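J.: turn this into a model:
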Amino acid sequence: GLPLDQNVCEGCFWSAVGPLSEKSVAAGGAPQDFPDFTRGNWKDTKPLGIIV
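T.: Predicted coordinates:
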């Protein structure tokens, strides 16, 4: 197979959207803090090539 065009942390980000949306709705639409799964290393993440 081919390598994925996202890393593990990006997968975690996408997986967090649903539960955070649910939490926001339960709180009357209040904004929710989004966890930083990279512990601040997102600034140094190398771009991944897009597989077409």
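J.: would you check how far apart the residue nearest the centre of the chain and residue 37 are?
T.: For the chain, the residue whose C-alpha lies nearest the mean C-alpha position (CA atoms, centre = their mean) is residue 13; its distance is 1.3 Å. The span separating residue 13 from residue 37 equals 7 Å under the rule CB to CB, to the nearest Å. C-betas here are computed from N, CA, C, even on glycine.
J.: how about low-confidence regions in the protein?
T.: 50-52 (pLDDT under 70).
J.: now with 90, please.
T.: In the predicted model of the chain, residues 1-14, 37-38, 40-52 satisfy pLDDT under 90.
J.: now stretch 5-25: buried residues?
T.: Burial within stretch 5-25, assessed by neighbour count using 16 or more other CB atoms under 10 Å, is assigned to 10, 13.
J.: which residues does the nearest residue to residue 7 once chain neighbours are set aside contact?
T.: In space, and not counting its chain neighbours, residue 7 is closest to residue 48: 6.5 Å by CB to CB, 6 or more residues apart in numbering. Contacts here follow CB atoms under 8 Å, 6 or more residues apart in numbering; on that basis residue 48 touches 4-7.
J.: could you redo the last one with a cut-off of 7 Å?
T.: With contacts taken as CB atoms under 7 Å, 6 or more residues apart in numbering, residue 48 has the following neighbours: 5-7.
J.: out of those, which is nearest to residue 31?
T.: Using CB to CB, residue 6 is the member of the contacts of residue 48 that lies nearest residue 31, at 24.7 Å.
J.: distance of the residue found closest to the closest one once you drop the neighbours it is linked to in the chain relative to residue 8?
T.: Once its chain neighbours are removed from consideration, residue 6 has its nearest residue in residue 48; the separation is 6.6 Å (CB to CB, 6+ apart). As for residue 48, its distance to residue 8 is 11 Å (criterion: CB to CB).
J.: what of residue 2?
T.: Counting by CB to CB, the gap between residue 2 and residue 8 amounts to 17 Å.
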